[in-house]
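Asks: Whatever this is, show me its structure:
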Amino acid sequence: MNLKVTKINTSGKMSDDSIKAFSEYNKPEEDITLDNYTLWHRTITIDMNDSEEFGFNNGGMDNNRGGYGGNFHDRRSFNNYGKRPGPRNDFGFSKRSRIDNGDGNNDAGNGESAAHVMMTYKQFVNTIGDEASEEELQQKYNEYKDKFKADSLNRFFQEHKDEEWFRQKYHPEESKQFKEKKKELVQHRFEVYQQYIVDRGLLDGVTLDVQNSDQIDKVFEAMVAKLEGLSDEVIDKYLNGETEEEGDENKEITEEKEDDQEEKAEEKAPKDKKTLVKYAGIFLRSVAPNITVSEIDEICKKYDSFVRVGLSDPMYDGKKLVKKGWVTLKEDPHVKNICWQLNTVRVRDTELSAILNKDVARIRTVNGMIAHNKIARNDLKQAAKLVTLYDRKMGLYYDENQTDEEIFTNLEFAIVNSKNPLLKDITDLLIEEGCLIDEVEENDNGNSRSTLTRDEQLLQRLDKLIVYLRIVHSLDYYFATLFPIEDSMPSKCGVLHIRAEPMQQFKNAETGSYNIVDSFIDNHIKDFNVKLANNVLHSGIVTEEEMIKLGKKDAATEEENFINANCIELQPGKWLCELSGKKFKNADFVKKHLRTKHQDKIDEARASADFYNNYISDPRRLQDPEQTGIQSDNDQRNFQNNPRFGRQNNWNDGGRRSYGGNRNFYNNGGNFNERQPRFSDGGEHIRRDPRQPVIYRDLDAPEDNF
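Replies: Numbering: from 1, shown residues only. Have a look, this model is predicted:
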């Protein structure tokens with residue numbers, strides 16, 4: 001066969017595989033002329049010399065039209081039946097196969113990924129047979145689940161044990177250093193709180209209500225300035241209402257901004273309130289978990305306006321594990337250029353996805369109806385638990401006579417024994433006295449309503465705890481959110497939620513009082529307590545029995561295994577030390593050599609056991625989501641994906657709302673107002689998407705306790 005290429009378009013090159021494909025049409029005494037091909041359309045126009053061998057009746061594609069439809073300039077492709085295919089879609093998604101959406105009984109697919117999916121009870125029984133009794137099968141299935149979870153945790157540990165964030169949380173030595181630094185930062189915040197709130201009493205008699213928002217914001221701005229290192233003289237002038245002339249640097253920046261008309265048009269929103277600390281922020285949406293703070297810091301150091309950088313712990317964005325980051329800069333007219341340059345940088349082959357942070361108000365509001373006695377009393381109890389819990393974690397008002405287990409398992413008892421003066425005699429306010437019982441009335445629909453009543457003493461006591469949590473422990477109570485790296489973020493006290501005015505639709509025009517439905521009170525207390533428990537009120541512990549099931553390691557055993565692994569018998573009477581390469585006559589000599597010359601390696605082996613044990617002993621540990629793919633209840637799955645409840649250590653998962661509006665945490669990227677979800681009724685409850693696939697529960701499975 002002779003293959004003659006007469007003309008090739010310069011838009012691409014034909015590969016050897018393509019030429020080889022044509023050579024399969026091995027027809028002697030025939031010449032195949034390749035006239036033209038176009039890589040863009042992925043079609044090849046060929047002059048087949050009008051041979052009927054390539055016609056429709058003989059399995060060809062031109063239906064006796066010769067040359068792919070006859071007209072060379074009409075480059076249309078046809079399928080095997082002479083029909084034109086549908087429009088080309090380069091960016092669409094192929095339909096999911098039955099195997100992808102199967103029930104797990106198919107063997108097709110990646111064997112490694114299939115091994116990481118826990119079998120259902122029915123699948124497990126099919127693998128071992130049903131000769132055993134039901135009790136024995138359930139016992140074996142529980143053992144299988146324990147082993148599966150232990151293997152999954154160990155796999156996650158091995159994948160991330162060398163990453164900075166993981167070692168700071170769980171490594172025996174590095175975690176101690178990290179916790180000490182964290183305690184120093186909290187201690188500094190505590191000193192600022194003592195200076196401005198306790199000693200100077202700047203918020204004495206001021207409740208966290210919207211009518212006091214200006215005064216609250218001013219005090220918080222002063223404390224942020226103190227945290228940033230400003231002098232007391234400058235802060236006192238600010239608190240007294242005295243203004244200062246701008247420095248030369250600020251004047252130069254102002255002149256440059258005035259010269260730039262485009263930026264002035266974009267950023268002409270007036271700032272009514274004077275701020276002491278003016279920082280710009282860049283939000284990094286996608287940082288790989290193995291990227292360290294020092295790597296980002298090294299990139300940003302070349303900018304004169306750079307101040308600091310902070311990275312959060314990673315979280316799952318779908319199936320991808322990513323960290324969020326914040327780059328803090330001084331006021332700089334070129335901050336947009338810096339943001340653009342960061343988007344051109346790849347760190348460990350990963351884009352940072354940098355976007356600008358917009359300035360947002362510090363003070364935000366929640367539903368004013370929560371000032372009602374019954375709700376406020378519940379809030380006081382929950383806030384007292386949080387104060388006790390985080391004081392213990394950060395070493396404030398520390399009582400050596402109490403263990404962590406005693407405090408974390410019984411926070412209500414720990415509140416009574418706390419040395420924090422804010423919690424003194426607080427139990428007296430938690431008791432519902434007869435004088436505080438609300439007046440109840442029935443409406444036409446039979447729904448009971450209570451008159452909104454405020455106990456100022458109760459609210460003032462509650463507000464002191466909320467301010468303490470916000471300043472000292474970086475916890476916004478009404479938002480149920482903890483900011484663990486706030487000292488590395490653009491604002492060291494960025495958001496505070498306070499109570500708004502009661503809703504006017506609940507106001508009685510005749511009496512002027514507000515009527516609140518009892519079901520609203522009960523539902524709010526229930527939902528908010530669940531939100532606190534999932535976001536910030538983590539007081540659970542992992543028992544010794546549970547740790548053994550999860551594969552707890554023994555340091556002595558790990559040491560012995562390490563020594564035996566490096567003590568190799570070459571032949572009778574000759575032993576080798578794997579680390580040094582030296583040979584000995586007896587195994588005992590090798591072990592003695594290891595303990596004297598390589599004690600550091602042995603210590604690492606022992607530390608690895610403590611490292612793993614620290615990880616599995618954390619009840620809020622991050623782990624592979626595949627191991628939780630089988631839930632014992634559909635509600636549990638829906639609850640975890642419900643946008644009403646934030647995820648662990650979450651910074652803006654795409655439009656979390658407070659009572660006062662739909663704003664992102666620290667306004668990452670400036671999406672100040674996002675659209676309502678498509679299936680939202682406008683309130684806190686999200687209706688189910690009718691297209692959402694039904695999730696079936698394994699009715700044969702025994703009760704899932706893990």
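Asks: Which residue ranges of the stretch 451-600 of the chain form strands?
Replies: Chain-ordered strands for the stretch 451-600 of the chain, with DSSP state E, counting those that start in this stretch as the definition, fall at 475-476, 481-482, 496-499, 515-517, 567-571, 574-577, 583-584.
Asks: mind listing what the longest one pairs with, with the direction of each?
Replies: With DSSP bridges as the criterion, the sheet partners recorded for strand 567-571 are strand 574-577 (antiparallel).
Asks: buried sites along the partner strand?
Replies: Within strand 574-577, the residues scored as buried using 16 or more other Cβ atoms under 10 Å are 575-577. (C-beta placed from N, C-alpha, C; glycine too.)
Asks: which outside residues touch the helix or strand encompassing Glu191?
Replies: Counting by DSSP states H and E, the secondary-structure element that holds Glu191 is helix 174-193. Defining contact as Cβ atoms under 8 Å, 6 or more residues apart in numbering, one finds that helix 174-193 is touched by 167-169, 223, 226-227, 394-396, 467-468, 471-474, 487, 614.
Asks: Now the helix or strand that it is followed by: average pLDDT?
Replies: Read in the C-terminal direction, the helix or strand following helix 174-193 is helix 213-227, with elements assigned using DSSP H and E. Taken as a whole, helix 213-227 has a mean pLDDT of 94.
Asks: Report the inter-axis angle for the following helix or strand past helix 213-227 versus helix 213-227.
Replies: Elements were assigned by DSSP H and E; along the chain past helix 213-227, the next helix or strand is helix 232-239. In terms of direction (axes from the mean of the first three to the mean of the last three Cα atoms, to 10 degrees), helix 232-239 departs from helix 213-227 by 170 degrees.
Asks: Just the residues contacting helix 232-239, thanks.
Replies: Contacts made with helix 232-239 from outside it, assessed by Cβ under 8 Å, 6+ apart, are listed as 202, 218-219, 221-222, 225-226, 244, 274, 276.
Asks: Now, of those residues, which are buried?
Replies: Those of those that meet the buried threshold are 202, 218-219, 221-222, 225-226, 276, by 16+ other Cβ under 10 Å.
Asks: between the contacts of helix 232-239, which is closest to Phe584?
Replies: For Phe584, the closest of the contacts of helix 232-239 turns out to be Lys226, at 64.0 Å, with distances computed as Cβ to Cβ.
Asks: how near is the closest one to Leu185?
Replies: Using Cβ to Cβ, to the nearest Å, we find Lys226 at a distance of 13 Å from Leu185.
Asks: quick one: low-confidence ranges for the stretch 251-400 of the chain?
Replies: Low-confidence segments of the stretch 251-400 of the chain, defined by pLDDT under 70, span residues 251-273.
Asks: now with 90?
Replies: In the prediction, the stretch 251-400 of the chain carries residues with pLDDT under 90 at positions 251-278, 316-320, 331-334, 348-352, 357-361, 395, 398-400.
Asks: Where do the strands of it begin and end?
Replies: With DSSP E, counting those that start in this stretch, the ranges of strands along the stretch 251-400 of the chain come out as 279-287, 306-311, 315-317, 320-330, 346-347, 350-351, 354-356, 363-366.
Asks: got the ones you listed as TSV, with mean neighbour count and distance to Leu570 columns?
Replies: Below are the strands of the stretch 251-400 of the chain laid out as TSV (neighbours: other Cβ atoms under 10 Å; distance: least, Cβ to Cβ, whole Å):
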stretch	mean neighbour count	distance to Leu570
strand 279-287	22	49
strand 306-311	19	48
strand 315-317	15	48
strand 320-330	22	44
strand 346-347	14	46
strand 350-351	16	46
strand 354-356	19	57
strand 363-366	19	72
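Asks: Serialize those strands to TSV and add fields for distance to Ala555.
Replies: Below are the strands of the stretch 251-400 of the chain laid out as TSV (distance: least, Cβ to Cβ, whole Å):
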stretch	distance to Ala555
strand 279-287	34
strand 306-311	31
strand 315-317	31
strand 320-330	29
strand 346-347	36
strand 350-351	36
strand 354-356	43
strand 363-366	49
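Asks: Figure out which of the ones you listed is closest to Gln139.
Replies: Of all these, the one in closest proximity to Gln139, counting by Cβ to Cβ, is strand 315-317 (32.3 Å).
Asks: Would you confirm that Ala500 contacts Gly368?
Replies: Yes: in this structure, Ala500 sits in contact with Gly368. The criterion is Cβ atoms under 8 Å, and the distance is 4.3 Å.
Asks: Give me the common contacts of these two.
Replies: In the contact map built from Cβ under 8 Å, 6+ apart, the residues linked to both Ala500 and Gly368 are Val210.
Asks: Tell me which of the strands of the stretch 451-600 of the chain lies nearest to Gln123.
Replies: Within these, the stretch nearest Gln123 is strand 481-482; the backing value is 39.4 Å (Cβ to Cβ).
Asks: any idea how far the nearest residue to Leu342 once chain neighbours are set aside lies from Asn290?
Replies: In this structure, Leu342 finds its nearest non-sequential neighbour in Ala354, 4.1 Å apart by Cβ to Cβ, 6 or more residues apart in numbering. Separation of Ala354 from Asn290 (Cβ to Cβ): 19 Å.
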